[in-house]
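Peer 1: Sequence and predicted structure below; questions after.
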Amino acid sequence: MTEHYFKNTLSITSTQLANLSLASNSILLFNAKTLELSDFNLPDCLSPFELTIINRRKSPQAKQEYLATRLLLKHLIKVTQPQHTHAPLNKMSTEFDEASSKLQIHVNGNVINTCISHSHGLVGVALNLDKSEFGFDIEKVSLKRPFEKLAKHFYHNDEITLITKPTNTQAQAETFFRIWTLKESLAKATSRPIAKLLSPNVFDELNSAKLSASSNRVTVVDSNDSNVCFDVSVVHKKSTDWRCFLLTDFVK
């Protein structure tokens with residue numbers, strides 16, 4: 001049975017940073033397009049390694065997403081790990097570990113696993129302090145992408161049936177992107193390449209891995225004042241409960 005995967009059970013709460021009540025299993029969401037890069041002195045915010053990465057980013061949006069994810073991760077470190085409260089931002093560094101396929105943050109000799117995602121300016125970050133099986137993904141729900149064609153090329157036949165069953169395009173798109181975010185989240189949780197999870201039935205894979213999943217959709221206002229919908233999914237151990245917080249302001 002797959003119905004529960006399409007119920008929007010993931011908690012997503014809109015809040016200001018100052019009012020944020022963080023639990024250990026928290027995912028922060030933020031519209032990085034609202035960042036003014038000129039407001040930040042990057043050498044104070046980023047490590048030397050991170051500076052080399054952001055300087056390679058060509059588009060302003062890519063730079064905004066990179067800066068936002070790194071500052072939010074460092075904020076999470078400071079508020080959830082008291083021993084690192086006073087660590088300078090530029091002394092924390094995020095680096096991808098090829099062996100574990102995880103983005104890790106290095107601070108005061110400690111290495112902490114993280115998870116990030118971004119889509120069309122909306123970014124999300126989380127710490128994985130106990131290094132458990134956990135992953136999440138964000139994807140813009142786009143009616144313009146040829147999602148039915150993509151599904152028939154990549155997805156399992158049972159998934160294609162679910163996507164093509166609704167008669168309206170909106171419902172088809174929502175189903176396609178829900179399956180996509182579940183696949184991406186599972187790939188991150190299990191450190192498997194997404195290419196190996198496209199054709200298998202994601203619901204069977206979740207059951208085989210004995211992992212839970214919860215999802216929801218969130219709407220943000222774009223720069224042209226239009227509403228943009230995103231699908232968010234989280235895959236995690238059955239004993240954990242993850243919540244999302246959509247920030248209406250940013251780290252100063």
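Peer 2: Thanks, I have it.

Peer 1: Only C-alpha atoms from now on, for both contacts and neighbour counts.
Peer 2: Fine.

Peer 1: Please, where are all the strands along the stretch 101-250 of the chain?
Peer 2: Ranges of strands within the stretch 101-250 of the chain are 102-107, 110-119, 122-128, 134-140, 211-221, 227-237, 243-247, based on DSSP state E, counting those that start in this stretch.

Peer 1: Of all those, which one is nearest Lys91?
Peer 2: Between Lys91 and the strands of the stretch 101-250 of the chain, the shortest gap by C-alpha to C-alpha is with strand 102-107, which sits at 6.8 Å.

Peer 1: what pairs with the closest one, and is each one parallel or antiparallel?
Peer 2: If you go by DSSP bridges, strand 102-107 pairs up with strand 93-97 (antiparallel), strand 110-119 (antiparallel).

Peer 1: Save those as a markdown table, and put in distance to Ala62, mean pLDDT and mean neighbour count too.
Peer 2: Formatted as a markdown table, the strands paired with strand 102-107 follow (distance: least, C-alpha to C-alpha, whole Å; pLDDT from 0 to 100; neighbours: other C-alpha atoms under 10 Å):
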| stretch | distance to Ala62 | mean pLDDT | mean neighbour count |
| --- | --- | --- | --- |
| strand 93-97 | 16 | 97 | 17 |
| strand 110-119 | 10 | 97 | 19 |
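
Peer 1: Just send these back as CSV, with distance to Gln81 too.
Peer 2: Shown next, in CSV, are the strands paired with strand 102-107 (distance: least, C-alpha to C-alpha, whole Å):
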stretch, distance to Gln81
strand 93-97, 16
strand 110-119, 11
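
Peer 1: need the strands of the stretch 101-250 of the chain in CSV with distance to Lys58, can you?
Peer 2: Output for these, formatted as CSV (distance: least, C-alpha to C-alpha, whole Å):
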stretch, distance to Lys58
strand 102-107, 21
strand 110-119, 16
strand 122-128, 18
strand 134-140, 21
strand 211-221, 24
strand 227-237, 24
strand 243-247, 26
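
Peer 1: if we compare the ones you listed, which one ends up closest to Asn19?
Peer 2: Once the strands of the stretch 101-250 of the chain are compared by C-alpha to C-alpha, strand 243-247 is nearest, at 9.8 Å.

Peer 1: so how far is Ser214 from the nearest residue to Thr15 once chain neighbours are set aside?
Peer 2: On the basis of C-alpha to C-alpha, 6 or more residues apart in numbering, the spatially nearest residue to Thr15 that is not a chain neighbour turns out to be Leu247, at 5.3 Å. From Leu247 across to Ser214, the span is 20 Å (C-alpha to C-alpha, to the nearest Å).

Peer 1: Just want to know which of those two has more residues nearby.
Peer 2: The neighbour count for Leu247 versus Ser214, taken as other C-alpha atoms under 10 Å, is higher for Ser214 (22 against 19).

Peer 1: residues contacting that one?
Peer 2: By C-alpha atoms under 8 Å, 6 or more residues apart in numbering, Ser214 lies in contact with 5, 8-10, 233-235.

Peer 1: pLDDT at it, what is it?
Peer 2: pLDDT for Ser214: 96.

Peer 1: what's the answer for Val79, then?
Peer 2: 89.

Peer 1: how about it, phi and psi?
Peer 2: phi -90, psi -20 (degrees, to the nearest 10).
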